[in-house]
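S.K.: give me a model of this one.
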Amino acid sequence: MRRLFFAKIPLNNAEMTRHAAHSSGCFFRKAWLLAAIISLVVCLPIHAAGVDDSKPEQNSEAYVPARQDVESRYDQGKFYFNQLQDNAILAENRDNWLKCISIFQDIYLENPSHSLAPASLYMICRTRLRMFDRFQDAEDLDAAIGQLQNLVNLFPNNRLADDALFALGQLYLDNKKDQSQAARYFSRVVGEYPSGDMYTLAAQKMQQLSQEFGIALPDSMIGRAPDKLNTIFPARHWSSPQYGRIVVSASGPVAYKDGLLSGKAGKSRLYIDFADSYTAPADRGAITVADGGLLRSVSAEQKTGDSVRVLVEAEHIEHYEIYSLPDPFRVVIDVRGKAKKSNLLSKSVPKPPPAKIDEAATKNAPRVADAALTGQKTPVIEEKAEQAAAKSEPPKSRDKKRKNDSSATAEIAPPASNASSGKALSLAQQLGLGVKKIVLDPGHGGKDPGATAGGLKEKDVALAVAKKLKPALEQELGCEVVLTREDDRFLGLEERTAFANTQGADLFLSLHLNAHSSSKADGFETYYLNLTTSPEAMRVAALENATSTHQLSDLQDILSSIMKNSKIAESSRLARQVNDAVVTGVSGETGDKIKNHGVKQAPFYVLIGAQMPAILLELAFISNPEDARRITSDDYVAAMTKHIAKGIAGYVNSNTTALR
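M.R.: Numbering: from 1, shown residues only. Next comes the predicted model:
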């Protein structure tokens with residue numbers, strides 16, 4: 001560069017003066033004169049007092065340009081680059097751009113270990129990209145990419161490395177139209193430079209690619225940290241004609257909002273939007289629910305770069321309930337459809353002729369009474385049934401019929417025998433008022449052993465008792481009994497209730513064994529779903545829910561709204577009937593005195609959302625050696641299951657009496 005300047009300097013002062021005199025009005029000649037003087041001054045050797053720098057030191061290595069010399073050349077190159085951007089005439093000539101590149105290229109080649117070497121490569125890339133924008137030569141784009149790759153490979157710890165990676169990702173996304181390759185570079189920024197200034201932009205680009213092109217996010221962007229996205233896992237679902245449950249699990253607690261959308265073709269649509277969330281590309285799309293129930297499909301989509309929408313389409317949504325449960329975090333949505341009133345009316349309202357009114361009313365009474373038993377509100381249907389029957393009677397006989405309802409039952413045929421037990425059917429069974437289906441839920445299972453002590457596992461004992469309780473209930477009540485599990489498999493707590501609901505069960509019993517830090521604790525207790533302030537009840541609920549009492553306290557706020565539609569009153573009466581029957585009956589039959597801990601209420605996850613009376617039995621303390629011995633004894637279990645069945649029969653009969 002200095003040689004270039006010296007080539008323009010006149011040989012002597014006289015010639016210099018002559019040139020100046022003849023060209024006094026020429027701006028460019030004055031400029032060259034000024035440049036020559038400056039160059040001459042700069043290039044003259046500087047002698048400090050007492051220092052002779054005309055010879056290099058004998059022990060010095062090969063000459064290395066001073067730092068300020070490299071920096072000056074770098075600044076000169078940047079000045080020239082800016083001139084090219086601002087001066088359209090200069091920018092038209094491709095050679096001018098190449099000269100700019102040569103400045104930075106020389107700096108790098110001559111000083112590869114200098115701190116400005118990475119910046120020089122970066123400036124070469126910038127220059128090449130401006131050339132590509134102006135001349136549209138693919139060679140310039142490829143050259144820019146090559147220089148960026150060199151920068152990353154040669155200087156991975158330099159502050160410009162993440163800038164280079166981000167630029168590479170942007171070039172492949174916008175110019176090469178290669179989303180996969182772009183994602184690789186953005187992912188490297190996120191994974192290798194989490195503290196770099198390009199992290200946020202690269203993360204946003206990855207979210208965009210994931211949303212628009214179904215590209216998976218790197219693991220470094222997913223997790224439970226505040227700056228990471230929670231993963232939304234595939235939804236699980238259960239459905240029956242009038243009920244559906246959807247459970248959406250996440251990798252951590254996540255905020256969500258829900259609402260109803262206008263349906264297509266008469267269908268109802270419910271959405272749940274999860275903030276700061278991500279769902280893997282393989283888990284996106286709609287899943288058709290082909291069980292003939294209320295639900296039609298459940299789909300998940302990456303709505304935005306950092307939000308996920310789960311969309312539920314149903315035949316008709318009359319109302320729904322939504323709540324979250326911890327450990328693991330999941331959102332539970334219970335959807336209820338519109339009751340088929342036409343079918344109920346056809347069964348409840350007797351048809352003429354008037355002569356068969358009493359018989360028809362008696363025959364159809366179970367449908368109305370059964371609704372009262374399970375806590376379903378059908379006042380309109382019942383009222384219409386009475387009005388229809390009353391209109392068919394002579395006016396004077398209406399009051400008489402209401403006073404003598406029991407006379408109708410006197411005309412019922414003699415009790416039929418129970419084929420399975422040889423016993424006469426009870427009044428409840430004759431009326432069809434008794435339970436027709438019971439779901440037994442052996443607690444825990446599979447990877448969840450429940451409480452353990454003395455070589456026993458709660459999951460095994462609960463299943464063994466359930467298998468013996470099933471025939472006892474079938475014999476006592478003549479009903480169908482179904483188990484949530486018949487082998488050693490894991491079921492989520494919310495899945496058990498959903499199973500009972502979709503089965504259309506009349507009662508739900510969850511069987512468990514208690515445990516305590518003190519081996520002296522023993523006895524039997526019964527729970528139903530409700531809020532509680534009892535520390536012991538909270539302890540037991542936390543044990544069965546596999547969570548903490550603190551989280552249960554938080555859950556109670558949610559439960560206060562959920563349980564408005566729960567069968568709390570019926571569940572309470574069922575719990576008392578069963579608890580009293582077991583404590584009194586088993587003690588009298590076996591001679592083993594059972595410590596009665598009574599009926600309690602607590603927020604058990606497994607009971608939430610049950611559409612029928614539901615209770616949880618703590619059959620014994622597995623941590624107490626005597627209780628453990630008894631609950632694994634065939635005779636003791638036979639006595640217990642028999643009296644559980646009698647307790648349920650007493651509950652059913654008490655409802656029959658109340659409705660007579």
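S.K.: which residues of the chain score low on pLDDT?
M.R.: Flagging of the chain using pLDDT under 70 yields the residue ranges 1-68, 339-434, 533, 547-566, 656-660.
S.K.: top strand in it by residue count?
M.R.: Among all segments of the chain classified by DSSP state E, the strand with the greatest residue count is strand 295-304.
S.K.: can you give me how far that one is from the chain middle?
M.R.: Between the centre of strand 295-304 and the centre of its chain there are 13 Å (CA atoms, centre = their mean, to the nearest Å).
S.K.: now for the helix or strand following that strand, which elements pack on it?
M.R.: For strand 295-304, the following helix or strand on the C-terminal side (DSSP states H and E) is strand 307-314. Taking 3 or more CB pairs under 8 Å, 6 or more residues apart in numbering; DSSP states H and E as the contact definition, the neighbouring helices and strands of strand 307-314 are strand 243-249, strand 268-275, strand 277-278, strand 295-304, strand 330-336. No exception for glycine: its C-beta is placed from N, CA and C like everyone else's.
S.K.: and the longest one, which strands flank it?
M.R.: Yep, that's strand 295-304 we're talking about. The strands beside strand 295-304 in its sheet (DSSP bridges) come out as strand 285-288 (antiparallel), strand 307-314 (antiparallel).
S.K.: thinking again about what came up before, tell me the buried residues in the longest strand of the chain?
M.R.: Residues L295, R296, S297, V298, S299, A300, E301, Q302, K303 are the ones in strand 295-304 that count as buried (16 or more other CB atoms under 10 Å).
S.K.: just put those residues in TSV and tack on distance to S251.
M.R.: Formatted as TSV, those follow (distance: CB to CB, whole Å):
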residue	distance to S251
L295	25
R296	28
S297	24
V298	19
S299	20
A300	14
E301	18
Q302	15
K303	18
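S.K.: closest one of those residues to L607?
M.R.: The nearest member of those to L607, counting by CB to CB, is L295 at 22.4 Å.
S.K.: what secondary structure does S518 sit in?
M.R.: Counting by DSSP: H, G, I helix; E, B strand; the rest coil, the backbone at S518 sits in coil.
S.K.: list phi and psi for it.
M.R.: Geometry field for S518 lists phi and psi as phi -100, psi 130, criterion degrees, to the nearest 10.
S.K.: next, count neighbours for it.
M.R.: 9 (other CB atoms under 10 Å).
S.K.: likewise for R128?
M.R.: The burial count assigned to R128 is 24, neighbours taken as other CB under 10 Å.
S.K.: what about it, distance to V189?
M.R.: Here R128 is placed at a distance of 21 Å from V189 (CB to CB, to the nearest Å).
S.K.: out of the strands paired with strand 295-304, nearest to V247?
M.R.: Closest approach to V247 among the strands paired with strand 295-304 is made by strand 307-314 (10.5 Å; CB to CB).
S.K.: tell me the most buried of the helices and strands packed on strand 307-314?
M.R.: strand 277-278 (a mean of 26; mean count of other CB atoms under 10 Å).
S.K.: give me the sheet partners of that one and which way each runs.
M.R.: Its sheet considered, strand 277-278 pairs with strand 230-231 (parallel) by DSSP bridges.
S.K.: what sits up against the partner strand?
M.R.: Residues from elsewhere that reach strand 230-231, judged by CB atoms under 8 Å, 6 or more residues apart in numbering: 222, 224, 250-254, 274, 276-280.
S.K.: quick one on the thing from earlier: tabulate the strands paired with strand 295-304 (TSV), appending distance to F81 and mean neighbour count.
M.R.: As requested, these are arranged in TSV below (distance: least, CB to CB, whole Å; neighbours: other CB atoms under 10 Å):
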stretch	distance to F81	mean neighbour count
strand 285-288	49	12
strand 307-314	42	23
